[in-house]
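1. quick check, what structure comes out for this input:
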Amino acid sequence: MYKLLIFTSFLSVICAVDLEKDDLAVCDWEGVKGKCVSPHRCLTSLGEREPKHPTCSEKKGEESFICCTDCELVKNASNAVLSPTSGLYWKDGRKAWDQCLQYLQELPLECRLDGFYAGISRHLDEEKQCHQYGLWAIGGAPSPGKIPPSQHPYEAVMGFGKDLESVSWLTSGTIISDRFILTSAHGHITSKGEHPLKYAALGVKNRTEDKKNWQIIGVKKVHQHPKVEERYNDLALIELETPIVFNKDVLPACLPDPSEVVNVTVASAPSWKESDMDFTTFTDTAKIVKLTQLSASECDEKITEQELPIPVFYNAFLPNGIDDNTQLCYGNKDTCLHTIGSPVVVDRYISWCVSTVVGVSAYSDTCGVSVYTRVQPYVQWITDIVWP
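-> A predicted model of the protein is given here:
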């Protein structure tokens, strides 16, 4: 059952940009005056359900101009990206932001598999005698017989060993591009010895299933953050030998742009653990654990009141306590159930269609509290390596 939703608020005030004043040929489309422009300056030209704009005689090289009756012209409509669930966004040159919008635009996200679509609509402004633009959206049900995709398609499982016959899948990370995985520095520094970091497995829904259902790619290089000290600045980027192939079970997470306000008070994390398991033991399948943020002082208090030797380990790994600027703390009965390097994500940063990684596990020796490295303060370092 599908529903058609019309967004009645017009977006021209948000999307319009100041353009150089230039003499554009005047045209007429069904009694409404317009300007002859390149299609990329006319947002309603993206409207797949709207009538096609008539062409003008004017051209720019081989490009034909169209008669655009929009009340405001835009600088480049090709930078507009529609979310099936949350509206219209614009690429603006910020690497992390633009890449997230690219994922939203191109990848087989679950919301699209569930029948969510959006598009541009246009409405005549009677007073101005030009067209304002809005959005339409369709939300529906998944196709009959649909096989549910992974609930953590952004997670990579990291393998240690000299070959695939001897590999142990011990830690986790977050796919952020087709070549890079974001994880913690601790647990991922070694590349030599009997158990070097050797492989990344993508699309892992069950650890005991046939490995032919996984994408297994070799590790090329580990980029450790230059200021790692104990569990502070505890981040690393794992560069892969060959590109990841994205599908409904293997998808990247977005990075939170440093200039954006991101609500991290409630988040979620994939867990392969039960409370009595050590770091080498895992459940067959992962569950998604809901997390609630704690302040630095709450976090410190809950950890230091634990029985020995937990406070000793805490003081050794985080001798200055929790740094609110670069770390996050989450608390509930399930927050001990994390894997080294595993992500914390939110789903409402841009669109719930795509997850955004906001934290990477840094410390947890007690059930009820876990410390994560905040991703947002390190996005510049990440993007300089991943998208130089």
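2. show me what counts as buried in stretch 61-77.
-> Residues 65-74, 77 are the ones in stretch 61-77 that count as buried (16 or more other CB atoms under 10 Å). All C-beta atoms are positioned from the backbone trio N, CA, C, and that covers glycine.
3. show me where the stretch 1-150 of the chain has helices.
-> Using DSSP state H, counting those that start in this stretch, the helices of the stretch 1-150 of the chain run over 12-15, 95-106, 110-113.
4. about what we covered before: farthest pair in the buried residues of stretch 61-77?
-> 65 and 71 (18.2 Å; CB to CB).
5. just the buried residues of stretch 61-77: which are in strands?
-> Using DSSP state E, the subset of those located in strands is 65-68.
6. closest one to residue 311 out of those, please.
-> Distance to residue 311 across these (CB to CB) is lowest for residue 68, with 66.5 Å.
7. and that closest one, what are its bridge partners?
-> For residue 68, the beta-bridge partners are residue 35 (DSSP bridges).
8. list the contacts of it.
-> Taking CB atoms under 8 Å, 6 or more residues apart in numbering as the criterion, residue 68 is in contact with 34-37, 41-42, 44-45, 53.
9. any low-confidence regions in the stretch 151-300 of the chain?
-> Scanning the stretch 151-300 of the chain for pLDDT under 70 picks out the ranges 189-193, 275-279.
10. can you show me the strands along it?
-> 155-160, 168-175, 180-183, 197-202, 215-224, 236-240, 266-271, 287-294 (DSSP state E, counting those that start in this stretch).
11. sorry, back to before: and the helices of the stretch 1-150 of the chain, which is most packed in?
-> Most buried of the helices of the stretch 1-150 of the chain by mean neighbour count (mean count of other CB atoms under 10 Å) is helix 95-106; its value is a mean of 19.
12. helices and strands around that one, which ones?
-> strand 80-83, helix 379-386 (3 or more CB pairs under 8 Å, 6 or more residues apart in numbering; DSSP states H and E).
13. how far off centre is the longest one?
-> Meaning helix 379-386. Taking CA atoms, centre = their mean, to the nearest Å, one finds helix 379-386 lying 15 Å from the centre of the chain it belongs to.
14. next, the buried residues of that helix.
-> By 16+ other CB under 10 Å, the buried positions in helix 379-386 come out as 379, 381-383, 386.
15. same deal with stretch 42-60?
-> In stretch 42-60, counting by 16+ other CB under 10 Å, buried: 42-47, 50, 53, 56, 58.
16. can I get the residues you listed in JSON lines with pLDDT?
-> Below are those laid out as JSON lines (pLDDT from 0 to 100):
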{"residue": "42", "pLDDT": "96"}
{"residue": "43", "pLDDT": "95"}
{"residue": "44", "pLDDT": "94"}
{"residue": "45", "pLDDT": "92"}
{"residue": "46", "pLDDT": "91"}
{"residue": "47", "pLDDT": "86"}
{"residue": "50", "pLDDT": "80"}
{"residue": "53", "pLDDT": "93"}
{"residue": "56", "pLDDT": "93"}
{"residue": "58", "pLDDT": "83"}
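17. ok, so of the residues you listed, who is nearest residue 113?
-> Nearest to residue 113 among the buried residues of stretch 42-60 is residue 46, at 22.7 Å by CB to CB.
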